[in-house]
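Novice: sequence and predicted model, in that order:
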Amino acid sequence: MWHNFLFGAKTVLLLAVVLGSDKRVTATDMFTSMNDIEKGLTTQRTLASNLKSYIGKEIERITQLQRVANELEQRSSDALSNTDDFLNNPVNAYLLIKKFSLEWNNNVNEYINNRNTDEFLQYLTERGGSLPNKDDLFGSAMALLRLQDVYALPTSKMAHGLINEASHSATMTADDCFQLGTIAYFRDDHYHAVLWLTEALKIDSEEKEKTVSRSLILDYLSFSIWKQGNVLHAYNLTLEWLQLEPGHERALNNLRSYEETIRSDEGLLRQAANPSQVQLRNQRKKDDYRSTEEYDNYERLCRGEKTQEIANSHLLTCQYRRHHPMFYINPLREEVIHLSPRVVLYHEIATNAEIKRIKEVATPKLHRSGVFQLTENDNPFTEYRTSKSAWVSTEEDPEGRLASLNRKAMALSNLTLETAELLQVLNYGIGGQYEPHHDFARPNEIYTFEEWRGNRIATVMYYLSDVEAGGGTAFNLIGLHSPPKKGSCILWYNLMLNGEGDFRTKHAGCPVLIGNKWVVTKWFHSNGQEFNRPCAVSPEQ
């Protein structure tokens, strides 16, 4: 669904871009929330209806203008055939003056001063918050590239709408691929630029109705391929470019530069003798963190790969639990999925009524999720966290559904709510994710939480929706992955028994590949838990 919306709604996007100078006609990070994107689909349908209405009015206006022009032409022809006789008649002179002093002004006001356009632009201004803008295009493009990397998706399959076995979306045109490639190009991301510009070139060869200039594709692709260390390939692409645009100054300059490089390198000269044997190099460039084994394990876990053996997996259990009066009649369906750190999954704990209600309360309040800032100069909005969130209070729900979720979190964790945070609802957008992080505050983040609360001792996260593919919770240091399942919740303790952070609980929200992911999180804090989870001198005591 998201793919079809992104590349099938070009009219909507174009209007938003054209009118982007008006701050009222912009969206707010639509790409970070599937809920907002769904609204965009409704807006697309409404926009189509209003656009058709506008076109109909314009056709009627042009028809009337054509009638006025024909009348003027006919009267002018009659008058000019015998000017003296025409003007000698005072009635004709009066009618001529009347035509221009009164009727012409009426025609100008009725058919030339374009009120239809003003009305349509006013509609766009009023509905501007539902239209995507250039930032949304950029964000959604980054999401596609992120999904491609994390889930190792072949470019050709993505372009043909084959995300996985069960999901098909609209097929991308050569221009769709070109635009995606150029977004990567201008980020100096020539790895993805090569992938998508190459695909654009391939699709262009198959298109009967061309969607983008082939020479333009060759222009960008030849440079990106050169940047990735493929001089011979860049040389050959530039030759093809010059066949389409002979004498192009930049192409000629590039060709001369490539020729000089080839002539000065004996290895390249040997390769030039057998160009068909030369392999294209296109290595994905990563920063220091994304080059680590830790980050690689995160991506592998998201793909469903096994990164290590789960410690003491033979001791993991599934059982009914009745450790609190709330669960005497309807016991918890508990699955221990990791022992140390202890991570527990509770099945079928949130009801459909609770899920529906918390979404209703949170939806109007959703806003772009941020991250904690260590300094005032830090940007709270980053690519490694893409979602929208809302804090919700039990006071906002007279029905008591939110209070019920609070009580369940309290009972299954055996922790007090006195120092806990409000419920935080999150809805993820295109490729929505939260890269590996800790929920607790480290020593250099001591002021992250209010002093009276203390540090985050435990996390209880309810899954409010099923997700067809992706969107799991990955603990990359312990090799654990938990896929989202509607109505279940996952619990883990962020602090050791001595109050220090348990760094093994580093976790991530994997990018959503297909589906609409909703979660709600309840964070418990250390203060007030002295009798519920007593402290110890050693971490594991």
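Specialist: Ah, there it is.
Novice: identify each buried residue in stretch 46-65, please.
Specialist: 47, 51, 54, 57, 61 (16 or more other Cβ atoms under 10 Å). Heads up, the C-betas are built off the backbone N, CA and C, glycines and all.
Novice: out of the residues you listed, list just those in strands.
Specialist: Per DSSP state E, strands hold no members of those.
Novice: now those residues as TSV including distance to residue 250 and pLDDT?
Specialist: Formatted as TSV, the buried residues of stretch 46-65 follow (distance: Cβ to Cβ, whole Å; pLDDT from 0 to 100):
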residue	distance to residue 250	pLDDT
47	39	82
51	39	87
54	41	88
57	46	88
61	45	85
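Novice: between those residues, which is nearest residue 482?
Specialist: Nearest to residue 482 among the buried residues of stretch 46-65, counting by Cβ to Cβ, is residue 47 at 39.8 Å.
Novice: let's have the buried residues of stretch 46-65 in JSON lines, adding distance to residue 131.
Specialist: Putting the buried residues of stretch 46-65 into JSON lines (distance: Cβ to Cβ, whole Å) gives the following:
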{"residue": "47", "distance to residue 131": "8"}
{"residue": "51", "distance to residue 131": "13"}
{"residue": "54", "distance to residue 131": "16"}
{"residue": "57", "distance to residue 131": "21"}
{"residue": "61", "distance to residue 131": "25"}
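Novice: ok, so of those, who is nearest residue 190?
Specialist: For those, the closest approach to residue 190 (Cβ to Cβ) belongs to residue 47, at 35.9 Å.
Novice: in the chain, where's the longest helix?
Specialist: As assigned by DSSP state H, the longest helix anywhere in the chain is helix 34-81.
Novice: which strands and helices sit next to that helix?
Specialist: helix 2-8, helix 10-18, helix 83-88, helix 115-126, strand 423-437 (3 or more Cβ pairs under 8 Å, 6 or more residues apart in numbering; DSSP states H and E).
Novice: rerun at 6 Å
Specialist: helix 115-126 (3 or more Cβ pairs under 6 Å, 6 or more residues apart in numbering; DSSP states H and E).
Novice: mind checking the pLDDT average for the helix it packs on?
Specialist: Mean pLDDT, helix 115-126: 77.
Novice: also stretch 458-470?
Specialist: 96.
Novice: quick one: terminal-to-terminal distance for it?
Specialist: 24 Å (Cα to Cα, to the nearest Å).
Novice: show me the contact partners of that stretch.
Specialist: The list of residues contacting stretch 458-470 from outside it, by Cβ atoms under 6 Å, 6 or more residues apart in numbering, reads 164, 350, 355, 409, 413, 415, 439, 484-486, 488-493, 510-524.
Novice: filter those to the buried ones?
Specialist: Buried among the contacts of stretch 458-470 by 16+ other Cβ under 10 Å: 350, 355, 409, 413, 415, 439, 484-485, 488-493, 510-524.
Novice: what segments of the stretch 101-250 of the chain are helices?
Specialist: 104-107, 115-126, 134-150, 155-159, 174-185, 190-206, 214-227, 231-244, 249-263 (DSSP state H, counting those that start in this stretch).
Novice: can you list contacts of the last one?
Specialist: So that's helix 249-263. Taking Cβ under 6 Å, 6+ apart as the rule, helix 249-263 contacts 231, 234, 235, 238, 241, 242, 268, 272.
Novice: do that again at 10 Å, thanks
Specialist: Helix 249-263 is contacted by residues 215, 218-219, 222-223, 226, 231-242, 244-246, 248, 268-269, 271-272 when judged by Cβ atoms under 10 Å, 6 or more residues apart in numbering.
Novice: could I have the CA atoms of stretch 250-268 written out in PDB?
Specialist: Extracted in PDB, the C-alpha atoms of stretch 250-268 (Å, rounded to 0.1, in the frame of the first residue of the first chain):
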ATOM      1  CA  ARG A 250      30.400  18.200 -19.700                       C
ATOM      2  CA  ALA A 251      30.200  14.700 -21.200                       C
ATOM      3  CA  LEU A 252      33.200  15.500 -23.400                       C
ATOM      4  CA  ASN A 253      35.200  16.800 -20.400                       C
ATOM      5  CA  ASN A 254      34.300  13.800 -18.400                       C
ATOM      6  CA  LEU A 255      35.300  11.500 -21.300                       C
ATOM      7  CA  ARG A 256      38.700  13.200 -21.600                       C
ATOM      8  CA  SER A 257      39.300  12.800 -17.800                       C
ATOM      9  CA  TYR A 258      38.400   9.100 -17.900                       C
ATOM     10  CA  GLU A 259      40.700   8.500 -20.900                       C
ATOM     11  CA  GLU A 260      43.600  10.200 -19.100                       C
ATOM     12  CA  THR A 261      43.000   8.000 -16.000                       C
ATOM     13  CA  ILE A 262      42.900   4.800 -18.100                       C
ATOM     14  CA  ARG A 263      46.000   5.700 -20.100                       C
ATOM     15  CA  SER A 264      48.000   6.400 -16.900                       C
ATOM     16  CA  ASP A 265      47.100   3.000 -15.300                       C
ATOM     17  CA  GLU A 266      48.500  -0.200 -16.800                       C
ATOM     18  CA  GLY A 267      45.900  -2.300 -14.900                       C
ATOM     19  CA  LEU A 268      43.100  -0.300 -16.400                       C
END
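Novice: can you say which of the helices of the stretch 101-250 of the chain is nearest to residue 322?
Specialist: Using Cβ to Cβ, the helices of the stretch 101-250 of the chain put helix 134-150 closest to residue 322, at 39.8 Å.
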